[in-house]
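# give me the fold of what follows.
(one chain, ligands or ions: 1)
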Amino acid sequence: MQKDQLLTRRRALLAGAATLGAAGIAAALAPGAGNRGATASPPAAGAPPARRPLRPSEYRLRPLTGYGPPRTTPGRTPVREEPLLKVPDNGRTVVLTFDDGPDPRYTPRILDTLARYEVRAMFFVCGEMAEYNPHLLARMADEGHVVGNHTWTHPLLTKLRRRTIRSEMERTSDVVEKHYGSRPEWFRAPYGAWNRATFELGAELGMEPLAWTVDTLDWTEPGTRTIVGRVEDGAAPGVVVLSHDAGGDRSQSVKALRSYLPFLLDSGYHVTVPRREYV
Ligand SMILES: [Zn+2]
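I've put the predicted structure just below:
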């Protein structure tokens, strides 16, 4: 990775940390801040101006946290009894989600389209895919997308022992943290197969369960026009759209996005990512 890319990621991470730092408890959902990527929080009011210029050595004596917003601990994630199906619809917000990747054949093309229209989306990645394609996680971080946890190997969790479910989730959060820069705050069960253990373990790992409202069924390769039609017909305030960027030939999913994304934007939808808000 180029040095300037690292710096960009670092800045993005710091901006994210600042947002979280200003947080308190009580997780709530809110649509993302906008189509153009996260904006950094204003500087903390708490840092008093220095009375005289500091010598370089003096900086090292000061705790870094003294300059930033307070680092409060985010509140506990609630244990849900069912996954969230949509986001609060204050405004015509639509969330696009892409599951099972990242895949070097399709994910970059999806990212290109999202970048072209300056919108952000969610990628529910599988750990084993992420491990093979770390640069794609880095790119998602750079471009302001949200990465969620979709387990390591995409198993049917309801058939697994609790210990195995935990391992599937935890390893994936670890690899996401390593290459994306922060641990996922969202979890989606493969096949939408949730049970109590998935809610409890997800919450323990700080993740909210997010399902979807509109299923494009793109994995059945029904034809690009069918996928486009399902998104355009299903669009409504707060809708979460499910598509895939891996797991088979996803050319149709890639092409469909190029068609329905401008349609959604022209129809006045705000295509964005949900944000975990700590009030
Ligand atoms: Zn999946």
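
# correct me if wrong: residue 235 contacts residue 261.
No: if you go by CB atoms under 8 Å, residue 235 and residue 261 don't touch, sitting 11.0 Å apart. For the C-beta atoms, the positions are set from N, CA and C on the backbone; glycine is no exception.

# who has more neighbours, the two?
Ranked by neighbour count (other CB atoms under 10 Å), residue 235 and residue 261 place residue 261 first, with 23 against 19.

# so the more buried one is in which element?
If you go by DSSP states H and E, residue 261 is part of helix 251-266.

# what's that helix in contact with?
When contacts are defined by CB atoms under 8 Å, 6 or more residues apart in numbering, helix 251-266 is touched by residues 94, 96, 98, 106, 109-110, 113-114, 117, 119, 216, 218, 221-224, 227-228, 231-232, 235, 243-245, 271.

# how far away is the closest residue to residue 249 other than its chain neighbours from the ion?
The shortest distance from residue 249 to any non-neighbouring residue, by CB to CB, 6 or more residues apart in numbering, is to residue 221 (6.6 Å). Using CB to the ion, to the nearest Å, residue 221 is found at 15 Å from the ion.

# and if you look at residue 214?
Distance from residue 214 to the ion, counting by CB to the ion: 15 Å.

# quick one: neighbours of the nearest residue to that residue once chain neighbours are set aside, just the number.
Nearest residue to residue 214, sequence neighbours excluded (CB to CB, 6+ apart): residue 234, at 3.5 Å. Close neighbours of residue 234, defined as other CB under 10 Å, add up to 16.

# give the contact list for residue 234.
The contact partners of residue 234, by CB under 8 Å, 6+ apart, come to 213-214, 241.

# do you know how far it is from residue 91?
Between residue 234 and residue 91 the distance is 17 Å, computed by CB to CB, to the nearest Å.

# what's the local residue count around the nearest residue to residue 222 once chain neighbours are set aside?
Counting by CB to CB, 6+ apart, residue 222 lies nearest to residue 252, which is 7.6 Å off, once chain neighbours are set aside. Residues lying near residue 252 (other CB under 10 Å) number 23.

# again with residue 140
Residue 140 sits with 27 neighbouring residues when counted by other CB under 10 Å.

# in whatever helix or strand it lives in, what's buried?
Residue 140 is located in helix 134-142, with elements delineated by DSSP H and E. Within helix 134-142, the residues scored as buried using 16 or more other CB atoms under 10 Å are 136-142.
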